[in-house]
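Student: coords below, sequence missing:
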């Protein structure tokens, strides 16, 4: 691959860097408790909690680093942090 | 001269581990050198740190390519990084994992322990560096347990020091150090 | 006392022992640990100094200049883009003859952004009138700060000084350093005696306007001070050797140069790896040696010429590039050895943190043997 003049780059490079393997803990969303308030999606620093067409909130495990902020803010305590098997 | 390479992820304390091992080695009476390979400094990104041990002053400044020892803080790294690269014949690899990984290289000694479990139980956080140093001390004989305790107490204060000493001891005993 | 410590902390500790009265600096990777440690020392009353927090490197060195002009011993530290931002003030500090000592934790310059090591930053200020010392290891980085103050403040010199040591490779490395005590440093480095200083009761101005009738003479005086500093450095190094047993009385350190056919010239931490590689090559019967430049400004022309007498080829390792010309050190060595019959080959190496191994040093000897040089060494041609 040739170098771009002036070290220039197009956006989107971070998408290729799948950060899901960084997790020690995985957030498990328990949908029966979810009131669809959307706080989890709002606070996720990776922007990887996605609202589905049905209005459900689901994490994208390909990018989720397991920081646990979603579980911390969930007003219904409906997100569990489970240790990843390694 | 003997060399150690530590693989971890940003935030797991790999650089601190290298520094603690170097301090403990110095306190055990040898020359030591610890330094990081800084990459993207983000929590979770793969990082490396290195330690050299020698009976005379160390001048070499290159990174470590043919280590005598490897510590792997997070077994998921094995998928992304060739953690065994260059590991010498008869060398020792210490891996933090619940179960022994597949496709291990031949001619090296692989020791596995669930350092995350020990760290969670003793420290209350999944930071495994001081636990793995205990295992390294036992497996390699490069650092003495007393010197390690001294290094830990220099770095951490009060009950945090006690907990880290306890975590490293538990791993040390688990590997069969001093036996 | 021999202790194991991080390079940055050793430098912060020795800076403290040199008793600066004013510290002004702006944090920047990989210099940050030094100024964090000094800020702690001032806050904890371990160091009786004024720590001036500033909003940029330009302000940091400007504050240092004012404090030095008012008669204080002053310390600062920076690197890379931070040093670039100080460019203008650097020339003013030298022109006003203020003996400020500043640690340069060598790092490459952007763009592209790189936090890693080479020596482009300090080398780019080679014409500014600052003395420039380069350290091979953290012991030398520590010791050179004491020597730098002693030389800079000597009334025969009165020039500011950079103490350069390689970012990350030294600054973030833990290794044993024999750290002197406060009493030992006091015995070596007396309190600062300013040549003159700003004083409201006896006012003077510094760095005034010079018309074409005077400007050149002021520059000539700066050059003369640089040349006089050579003897002062040797003397300060000899006094250091007498007190501490580590000898820095030479501006150039010769390593296995007797009977050498190929000599390396290098500065900074790469010299350690070069020495280890030389030992291995010597064991294999290859006659190689190293002339390590400890003092880049003033350039040690006389010592270097003497050290290289008898070699047939010189391989200069430049961790910088003067774009459009070649490596800065190589260019100077070529001028110095013109007409001597010695072949000088320049190798641009280790830019932006590219790692250097012993086998790279051996490979350069093979290239030098064939007369191949004046090139970038270790390029990844597959990305070009």
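Tutor: In hand now; what should we look at? On a predicted model such as this, the values are computed, not experimentally measured, just so you know. Numbers count the residues shown, from 1 in each chain, chains lettered A, B, ... in the order given.
Student: contacts and neighbour counts: CA atoms only from here.
Tutor: Fine.
Student: residue contacts, the residue in chain B positioned nearest to chain A?
Tutor: Proximity of chain B to chain A (CA to the nearest CA) peaks at residue B:44, 5.0 Å away. Neighbour list for residue B:44: A:19, A:22, A:23, A:65, B:9, B:10, B:11, B:12 [criterion: CA atoms under 8 Å, 6 or more residues apart in numbering or on different chains].
Student: what do you get if the cut-off is 7 Å, keeping everything else the same?
Tutor: Neighbouring residues of residue B:44 by CA atoms under 7 Å, 6 or more residues apart in numbering or on different chains: A:22, B:9, B:10, B:11.
Student: Quick one: buried ones out of the residues you listed?
Tutor: Buried subset of these (neighbour count, 16 or more other CA atoms under 10 Å in any protein chain shown): A:22, B:9, B:10, B:11.
Student: JSON lines for these, including secondary structure, pLDDT and distance to chain C?
Tutor: Listed next are these as JSON lines, based on DSSP: H, G, I helix; E, B strand; the rest coil; pLDDT from 0 to 100; distance: CA to the nearest CA, whole Å:
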{"residue": "A:22", "secondary structure": "helix", "pLDDT": "79", "distance to chain C": "24"}
{"residue": "B:9", "secondary structure": "strand", "pLDDT": "87", "distance to chain C": "18"}
{"residue": "B:10", "secondary structure": "coil", "pLDDT": "83", "distance to chain C": "16"}
{"residue": "B:11", "secondary structure": "coil", "pLDDT": "80", "distance to chain C": "17"}
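Student: Show me which of these is closest to residue A:76.
Tutor: Nearest to residue A:76 among those is residue A:22, at 26.4 Å by CA to CA.
Student: Just the local confidence number for the closest residue to residue B:104 other than its chain neighbours, please.
Tutor: Using CA to CA, 6 or more residues apart in numbering or on different chains and skipping the chain neighbours, the partner closest in space to residue B:104 is residue B:110 (7.9 Å). Residue B:110 carries a pLDDT value of 94.
Student: Bridged to residue B:110, which residues?
Tutor: For residue B:110, the beta-bridge partners are residue B:93 (DSSP bridges).
Student: Determine how far the helix or strand hosting residue B:70 lies from the middle of the whole chain.
Tutor: Using DSSP states H and E, residue B:70 falls within strand B:69-72. What separates the centre of strand B:69-72 from the centre of its chain is 6 Å, taken as CA atoms, centre = their mean, to the nearest Å.
Student: Might you report the residue contacts of residue 56?
Tutor: Going with chain A. Contacts of residue A:56 (CA under 7 Å, 6+ apart): residue A:36.
Student: Let me rephrase: I mean chain B.
Tutor: When contacts are counted by CA under 7 Å, 6+ apart, residue B:56 touches residue B:31.
Student: what about it, distance to residue C:236?
Tutor: The gap separating residue B:56 from residue C:236 is 28 Å, by CA to CA, to the nearest Å.
Student: now the helices for chain A?
Tutor: In chain A, helices defined by DSSP state H lie at A:39-43, A:69-73, listed in chain order.
Student: scratch that, the stretch 101-250 of chain C is what I was asking about
Tutor: Using DSSP state H, counting those that start in this stretch, the helices found in the stretch 101-250 of chain C span residues C:120-123, C:138-153, C:182-188, C:215-244.
Student: Dump these into JSON lines; add mean neighbour count and distance to residue C:360 as well.
Tutor: Shown next, in JSON lines, are the helices of the stretch 101-250 of chain C (neighbours: other CA atoms under 10 Å in any protein chain shown; distance: least, CA to CA, whole Å):
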{"stretch": "helix C:120-123", "mean neighbour count": "24", "distance to residue C:360": "21"}
{"stretch": "helix C:138-153", "mean neighbour count": "25", "distance to residue C:360": "23"}
{"stretch": "helix C:182-188", "mean neighbour count": "14", "distance to residue C:360": "39"}
{"stretch": "helix C:215-244", "mean neighbour count": "17", "distance to residue C:360": "32"}
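Student: For chain B, find the nearest of these.
Tutor: Once CA to the nearest CA is applied to those, the stretch that comes out nearest is helix C:138-153, at 10.6 Å.
Student: Give me the average confidence score over the closest one.
Tutor: Here the average pLDDT along helix C:138-153 is 98.
Student: Now mean neighbour count too, for the helices of chain A, in a markdown table please.
Tutor: Shown next, in a markdown table, are the helices of chain A (neighbours: other CA atoms under 10 Å in any protein chain shown):
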| stretch | mean neighbour count |
| --- | --- |
| helix A:39-43 | 18 |
| helix A:69-73 | 18 |
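Student: With mean pLDDT and distance to chain C as extra columns, can I get those helices in CSV?
Tutor: Output for those, formatted as CSV (pLDDT from 0 to 100; distance: least, CA to the nearest CA, whole Å):
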stretch, mean pLDDT, distance to chain C
helix A:39-43, 96, 29
helix A:69-73, 96, 29
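Student: For residue B:64, find the nearest of those.
Tutor: helix A:69-73 (36.9 Å).
Student: ok, the closest residue to chain B within chain A to residue C:298 distance?
Tutor: Closest residue of chain A to chain B, CA to the nearest CA: residue A:22 (5.0 Å). Using CA to CA, we find residue A:22 at a distance of 50 Å from residue C:298.
Student: Likewise for residue C:58?
Tutor: Between residue C:58 and residue C:298 the computed distance is 25 Å (CA to CA).
Student: same check, this time on residue C:304
Tutor: 12 Å.
Student: roughly how far out does stretch C:293-313 sit from the chain middle?
Tutor: Worked out by CA atoms, centre = their mean, stretch C:293-313 lies 16 Å from the chain centre.
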